[in-house]
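> Make a model of this:
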Amino acid sequence: MENRYEASLLPAVVRIQQTWSSERPCRLWDLVNYQGDLQLGYAFASLFVPDLVEVEGAVILAEQFSTESFQRWKSHFDDDLQAVERMMNHLHVEDIFLNGRGDHLLPEIVGRRMGEAIKLCWAATLHSSYPERTFSVTYEVEDGMGDGEVTFWQIDRAGSA
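Numbers count the residues shown, from 1 in each chain. So this is what the prediction gives:
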């Protein structure tokens, strides 16, 4: 299987490699070891395997949910819960990293791999949490926009409570 991730795309890995004493190349998990900590890992876990809220049969990211927002979107979309889910569950990948120093200098593929990973993890989380339901989980990048968007919604509401 082809490697999905290339450590040499990241300047931080290159910097570590310059001081590296091991005979093997610096890898992405080495970067996690050098620059990450358990608090950041815990926060990333909540991004990749998010808590979910179920309201009126809709499944919404807990991080994005408030009763007021749900009611506003429900009214805006004329009670179309699928549209509400799409809106409330969308995440622009670059928005989660607004304070990233130098992220704008990275190759576009880095952000795309992040979006693909979030999509994959959300799909697994939804399947595990709601095995009787069918969801569409998408990651899309609009032409001319480096900023990809991940979202999900239920395809068939027959299994909804």
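> Would you confirm that W20 contacts L31?
No: taking CB atoms under 8 Å as the definition, W20 is not a contact partner of L31, at 11.4 Å. Where you see a C-beta, it was placed from the backbone N, CA and C, and this is true even at glycine.
> Show me which of the two is the more surrounded one.
L31 (17 against 13; other CB atoms under 10 Å).
> quick one, domains of the chain?
9-48, 50-159 (automatic domain parsing).
> Could you give the number of residues near G102?
Neighbours of G102 (other CB under 10 Å): 9.
> ok, for it, nearest residue in space, not its chain neighbours?
For G102, ignoring the flanking residues on the chain, the nearest one in space by CB to CB, 6 or more residues apart in numbering is P11 at 6.9 Å.
> Next one: the one you found relative to E54, how far apart?
42 Å (CB to CB, to the nearest Å).
> What ranges does the protein have for its helices?
11-18, 28-35, 38-48, 67-76, 81-88, 108-129 (DSSP state H).
> Make CSV from those helices and add mean pLDDT to it.
As requested, the helices of the chain are arranged in CSV below (pLDDT from 0 to 100):
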stretch, mean pLDDT
helix 11-18, 87
helix 28-35, 89
helix 38-48, 94
helix 67-76, 98
helix 81-88, 98
helix 108-129, 94
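> The ones you listed: which one's closest to R101?
helix 11-18 (9.9 Å; CB to CB).
> Quick one, grab the pLDDT at R133.
Here the pLDDT value assigned to R133 is 96.
> what's the answer for S160, then?
48.
> Likewise for G144?
57.
> Quick check: chain neighbours aside, which residue is closest to D51?
Nearest one to D51, counting by CB to CB, 6+ apart, is A62 at 3.8 Å.
> pretty sure the one you found is touching E54, no?
No: with contact defined as CB under 8 Å, A62 does not count as touching E54 (10.1 Å).
> Neighbour count: the two, which is higher?
E54 (13 against 10).
> Please determine how far the more buried one is located from R72.
18 Å.
> Check A58 too.
For A58 relative to R72 (CB to CB), the value is 13 Å.
> These two - which one has more neighbours?
Per other CB under 10 Å, whichever of A58 and R72 has more neighbours is A58, with 21 against 14.
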